[in-house]
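> return a 3D structure for these sequence lines:
(one chain, ligands or ions: 2)
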Amino acid sequence: MSIKPESAAEPVRPPRPSVSGSPLKVNVEHFATANLPTRYGQFRIVAFKNDRDGKDHVAVIHGDVRGKQGVLTRIHSECLTGDVFGSLKCDCGPQLNAALEEIAEQEAGIILYMRQEGRGIGLANKIKAYSLQDGGLDTVEANEHLGFDDDLRDYSISARMLELLGVESIVLMTNNPSKVEGLEQAGIVVDERRPIKTVPNPHNYDYLETKRLKSGHLL
Ligand SMILES: Nc1nc2c(ncn2[C@@H]2O[C@H](COP(=O)(O)OP(=O)(O)OP(=O)(O)O)[C@@H](O)[C@H]2O)c(=O)[nH]1
Ligand SMILES: [Zn+2]
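Ligands and ions are numbered 1, 2, ... in the order given. So this is what the prediction gives:
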């Protein structure tokens, strides 16, 4: 039986990107578009294929974004535990809800849902990192203990997706300055960063504090 990286027992290193280096060369293609009525409002969902990570990334779009400037945009990294199961260990679920709500109120806006689970280390490795955090390590130390950098994400695929959607510039909903930097390095015009606020809880307080102190998040 072949074991894919995300289910491997030992950490498997994804290709080293990233934000601080030159943007990766990647071909991204539109694959399919469909209507997506949601409890937040009417969206369209666009699926893309790329030749780099083999993952199906999607854009969830409200209104007409082509040719527009200052399009309100959220680039959300997949978090199965937070987005689907309502985990209180992170702020991902509330951030995704807030972004969908806010974008549905705009004339036009985009959520890129990027399959960069665990800041790029994959689901199984993230759970391994969680088990180390159960033992007292923080989120950065746990990644390092497993032999990964804190953040393996690259924003080249996101940038190509935005180009294919035809947006001229974006307002990015994020607290993470390296996301802005990564997108700009990949050629996207970011007019403005808009903070995305959630209410901390006792389970994610230390995690958010580590992101602020060690990862430079503007919380
Ligand atoms: N490796 C690892 N990944 C985590 C952990 N907690 C959450 N994640 C992942 O982190 C990603 C979200 O990254 P964050 O740093 O919270 O936020 P961000 O997307 O960089 O910044 P914002 O735009 O402000 O939300 C998701 O892919 C989660 O699965 C953890 O303890 N370890
Ligand atoms: Zn999360």
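
> against Val46, how distant is the residue nearest to Gly166 when sequence neighbours are not counted?
Distances taken as C-beta to C-beta, 6 or more residues apart in numbering put Arg66 closest to Gly166, at 3.7 Å, once the chain neighbours are dropped. C-beta here means a position set from N, CA and C on the backbone, and glycine is covered the same way. Going from Arg66 to Val46 by C-beta to C-beta, to the nearest Å gives 12 Å.

> ok, now Gly182?
With distances taken as C-beta to C-beta, Gly182 is found 21 Å from Val46.

> which of the two has more residues huddled nearby?
Each of Gly182 and Val46 has its neighbours counted (other C-beta atoms under 10 Å); Gly182 has more, 25 against 21.

> the more buried one reaches Asp151, doesn't it?
No - in this structure Gly182 lies outside contact range of Asp151 using C-beta atoms under 8 Å: 9.7 Å.

> doesn't Gln95 make contact with Ile196?
Yes - in this structure, Ile196 is within contact of Gln95 by C-beta under 8 Å, at 5.4 Å.

> next, show the common contact partners of those two.
Taking C-beta atoms under 8 Å, 6 or more residues apart in numbering as the criterion, Ile196 and Gln95 both touch Arg74.

> which residues in this structure form strands?
Secondary structure of the chain, counting by DSSP state E: strands at 28-37, 42-50, 57-62, 71-77, 109-114, 170-173, 190-194.

> contacts for the longest one?
It stands for strand 28-37. Contacts for strand 28-37 (C-beta under 8 Å, 6+ apart): 42-50, 56, 60, 157, 160-161, 164.

> list only buried entries from these.
Listed as buried from the contacts of strand 28-37 are 43-46, 48, 50, 60, 157, 160-161; burial here means 16 or more other C-beta atoms under 10 Å.

> farthest pair within those residues?
Of all pairs drawn from the buried ones among the contacts of strand 28-37, the widest gap by C-beta to C-beta lies between Phe43 and Asn50 and measures 21.5 Å.

> residue nearest the middle of this protein, spatially speaking?
Geometric centre of the chain, nearest residue: Ser77, 2.1 Å, by C-alpha atoms, centre = their mean.
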